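1. Sequence and computational prediction follow.
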Amino acid sequence: MLKISLSDSELSHPCKVKPGLPSTINMDMSLAWEKNLTPGEVIDDALLEVLDHCGNHVEEGMELIVNTVGLSFVDKCGPVRKVNSEGFVDLRGMLKVVSGFGSEACLTIFHHKKKIFNRTFQIAIRNLKAVKVPESCPAGTFLENIIFEVSDCDGVIDESIHGLQHTLSIRSNQLKDVQGAQYAFEHGRCVLPRAQVPNEPGTVSFVAYHTHFSDLETIIQIHVYALDLVRVNSENDFEPICSYPTSSLSSQDLLSPSQLASCQSVRYIEDALRKVSDEIESIDSNIRSEEEMIKFLDSQKKSVENRIASLKDEIGHRVGAKEITRHKIEENVGTAAAVLCNLSNHKAYEPGRSFKDEVVGIVALLGTVANRDLSRMLSVYLGEDNMLAVVCKTQDAANYFEKYDTEGNVDIRFGIHQEAAKLGVPISRRFPIICLDEIRPYNGDVFWNIRQKKLNLPFPHSKTHKGFRGLAVNLINLSAENLEIITSSGHGLRETLFYRLFGELQVYETRNDMRQAMPHLRNGAISLDGGIIKGDGMLLLGYSDPEIIFPVMPDAPDILEDPEDVFTKVKKMNAEKSVLETVENKIRKAEENRQKLVMKRNKKKRKFDEMAEVMSQPSGSQLDQYHPVSQ
């Protein structure tokens, strides 16, 4: 209420006072922001209070530009954010840390190009170090059970470094057997079980680093030396036998029959026995290491198998075949079909604004078939481009997908390209669009009295040929929803889309059945065992198993209660299967290494026993009859 008073009268009038422009932003600075930001973390408490110069909350709907460095928006909706009815910009659960350990993240907010807030945050500092690494080792030997730890500035191990996303990689041109391999962290620790040192003396360098956060690394250098074998004579003089690395010239080569026959000192044999004994002990140690590794990997394998079984139980029968096909399409990154599938479940997708309601869907998701063999062959016949084709009702709907600048280049700020950019998955290849209203439809009779409304096409031959399964266009099953899709001229999907794709394509059980019916083919044929005839005189040979196929539904369509939850579990299960395959390969390799070591140990033991028997003879002349076991 505004009041104006004169000497003898008073004037009053109601008025509304609006808050001013944004001037100050208050932010809750919790411990999570001050000390504990870690790469990959989604921040749960980012709530910004927006005030004008008088300390009032600004008006609801006010737009601010939120720029980030080292952070990204989880919802992919861009930097423009609105003030809510309580005067806050709510970014809880919207910001993800993308910078590495020890770096900084920055949050800057503008209103009409005026900076009103800027804050820099320190991302947690972590160090990667190796525990008990030898300074030197003999050439041709093995580094074993090197432990790596991730710790904070105080040396406390960060046990949150754990799980599938935390693995250690080795980068080295000298350690060939571990180059490119990944080793899992468990509660901040990782073990490099075994790495072979080169056969040549020198310096071995390698970099151990976190696979996903490469700034978290440590460089290790080890001196590699060669051992000289020395023979001691009775006068205690040292006479070198050789100066080769032990890995390039083994003890078996040094202890040849000619050397032993010419040996004049029992001490020489004693030294040789001691060396072979040491080698046997070393092999025994390596065998124990391999057995421990196999035991560890077996435990890891059982754990992964249990997780896969648990995920299968959680997914259960809720996963519809259609949703599995949708998941496969989403994995085709860079395609328009993948973008559409992502947008269909994305909060930022608003069909009425850019894609209208005339977008029908993706070819692969518009029909189902009764068995996998039929699905595979129909998919091979169409090819991946047609399976991923986008289907619209009208040409106008297709125009919403793409437009071009004055030079004829695609405008990535429009249509599906704009939406793809927001998702961070730009479209990288051409894609077909099928407009139903532009298709010349099938103009024959339709079986309106059956649910699937199949086409009343003439029988392709006068009598039933062996193995004939039917016409492809009628073997596609449509859901109740898709049966209701009608063009402006009154035709359904079977009369337009699938008749356009398959025509009168015939389906047979075997290649031989298909060849017998060749005189009666119009648009070609396929067989369930892999045969394809495309038109007159064109055969498609070879074999392929396409990723994108029509969903297989022998009975009623499956019902999926929570597709986003299922997608997450399917991805987790696929990741676990990859881990299982890696573990099984490691077990197989460890078992092979153990078997080789056992065989090597047995040969060494036979050598040792034979030499010990020679030493037990009463006279040194027996040395002349010594013949070592061939290695």
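-> Sure thing, it's come through.

2. Gln452 touches Leu475, doesn't it?
-> No: with contact defined as Cβ atoms under 8 Å, Gln452 and Leu475 do not form a contacting pair (10.0 Å). From N, CA and C alone the C-beta is placed, and that goes for glycine too.

3. and the two? which has more neighbours close in?
-> The neighbour count for Gln452 versus Leu475, taken as other Cβ atoms under 10 Å, is higher for Leu475 (22 against 13).

4. got a pLDDT number for that one?
-> Leu475 is assigned a predicted lDDT (pLDDT) of 93.

5. tell me the contacts of it?
-> When the contact criterion is Cβ atoms under 8 Å, 6 or more residues apart in numbering, the partners of Leu475 are 369-370, 374, 378, 469, 507.

6. So which of those belong to helices?
-> The members of those that map onto helices under DSSP state H are 374, 378.

7. Any chance of CSV for the contacts of Leu475, columns distance to Ser12?
-> Compiled in CSV, the contacts of Leu475 are given as follows (distance: Cβ to Cβ, whole Å):
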residue, distance to Ser12
Val369, 79
Ala370, 81
Leu374, 83
Leu378, 80
Arg469, 89
Val507, 87
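
8. Between the contacts of Leu475, which sits nearest Thr203?
-> When the contacts of Leu475 are compared for distance to Thr203 (Cβ to Cβ), Leu378 comes out closest, at 60.8 Å.

9. what's the spacing between that closest one and Lys454?
-> Plainly put, Leu378 is 16 Å away from Lys454 if you go by Cβ to Cβ, to the nearest Å.

10. related to what we said a few turns ago, relative to Ser479, which of the contacts of Leu475 is nearest.
-> Nearest to Ser479 among the contacts of Leu475: Val369, at 12.6 Å, using Cβ to Cβ.

11. My guess is that closest one contacts Ile476. True?
-> Yes: between Val369 and Ile476 there is a contact at 6.5 Å, judged by Cβ under 8 Å.

12. Residues that sit against both of the two, list them.
-> Common contact partners of Val369 and Ile476 (Cβ under 8 Å, 6+ apart): 378, 550.

13. Do a quick rundown of the strands in the stretch 51-200 of the chain.
-> 63-69, 71-73, 80-82, 88-90, 95-97, 104-111, 114-122, 127-131, 136-138, 142-151, 167-171, 182-184, 189-196 (DSSP state E, counting those that start in this stretch).

14. Tell me which of those sits nearest to Leu501.
-> In this view, the strands of the stretch 51-200 of the chain are compared for proximity to Leu501 by Cβ to Cβ, and strand 71-73 is the closest at 39.5 Å.

15. So what are the sheet partners of the closest one and their directions?
-> strand 95-97 (antiparallel) (DSSP bridges).

16. Now do the partner strand: everything it contacts.
-> Under the criterion Cβ under 8 Å, 6+ apart, residues 37-43, 46, 68, 70-74, 105, 123 lie in contact with strand 95-97.

17. If any of the contacts of Leu475 are buried, give me the PyMOL selection for them.
-> Command for PyMOL that selects the buried part of the contacts of Leu475, burial taken from 16 or more other Cβ atoms under 10 Å:
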select buried, resi 369+374+378+469+507
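
18. With adjacent residues omitted, what lies nearest to Arg413?
-> Ala421 (7.9 Å; Cβ to Cβ, 6 or more residues apart in numbering).

19. An error on my part: the question was meant for Leu273.
-> Using Cβ to Cβ, 6+ apart, the nearest residue to Leu273 is Met611, at 5.5 Å.

20. what number of residues lie near that neighbour?
-> For Met611, which is what you asked about, the neighbour count (other Cβ under 10 Å) is 21.

21. pLDDT at it, what is it?
-> The predicted structure scores Met611 at 75 on the pLDDT scale.

22. Name the secondary structure element that contains it.
-> Element membership of Met611 [criterion: DSSP states H and E] is helix 563-615.

23. the inter-axis angle of that helix versus strand 189-196?
-> With axes from the mean of the first three to the mean of the last three Cα atoms, to 10 degrees defining the directions, helix 563-615 sits at 40 degrees from strand 189-196.

24. Check which helices and strands helix 563-615 sits against.
-> helix 266-315, helix 321-330 (3 or more Cβ pairs under 8 Å, 6 or more residues apart in numbering; DSSP states H and E).

25. mind putting these in CSV, mean neighbour count included?
-> Below are these laid out as CSV (neighbours: other Cβ atoms under 10 Å):
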stretch, mean neighbour count
helix 266-315, 16
helix 321-330, 20
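
26. Those: which one's closest to Gly537?
-> helix 321-330 (33.0 Å).

27. how close does the residue nearest to Leu273 get to Gly503?
-> The span separating Met611 from Gly503 equals 83 Å under the rule Cβ to Cβ.

28. ok, now Ala226?
-> Taking Cβ to Cβ as the measure, Ala226 and Gly503 are separated by 75 Å.

29. Walk me through the domains of this structure.
-> Listed domain ranges for the chain are 24-122, 127-225, 238-313+560-631, 320-559 (source: automatic domain parsing).

30. gap between the two ends of the first one?
-> Spelled out, it's domain 24-122. Distance between the boundary residues of domain 24-122 (Cα to Cα, to the nearest Å) amounts to 22 Å.

31. swap in the second one?
-> Taking Cα to Cα, the span from the opening residue of domain 127-225 to its closing residue is 30 Å.

32. Could you pull up the mean pLDDT of that domain?
-> Mean pLDDT, computed over domain 127-225, is 86.

33. Tell me where the model's unsure across this structure.
-> Where the chain drops to pLDDT under 70, the residues are 1-9, 11, 13, 29-36, 227-269, 313-320, 345-357, 462-463, 555-567, 614-631.

34. Tell me the secondary structure at the closest residue to Glu384 other than its chain neighbours.
-> The shortest distance from Glu384 to any residue that is not its chain neighbour, by Cβ to Cβ, 6+ apart, is 5.8 Å, and that residue is Ile548. Classification of Ile548 into helix, strand or coil gives coil, according to DSSP: H, G, I helix; E, B strand; the rest coil.

35. contacting residues around Ile548?
-> When contacts are taken as Cβ under 8 Å, 6+ apart, Ile548 is in contact with 325, 328-329, 332, 364, 379, 384, 387-388.
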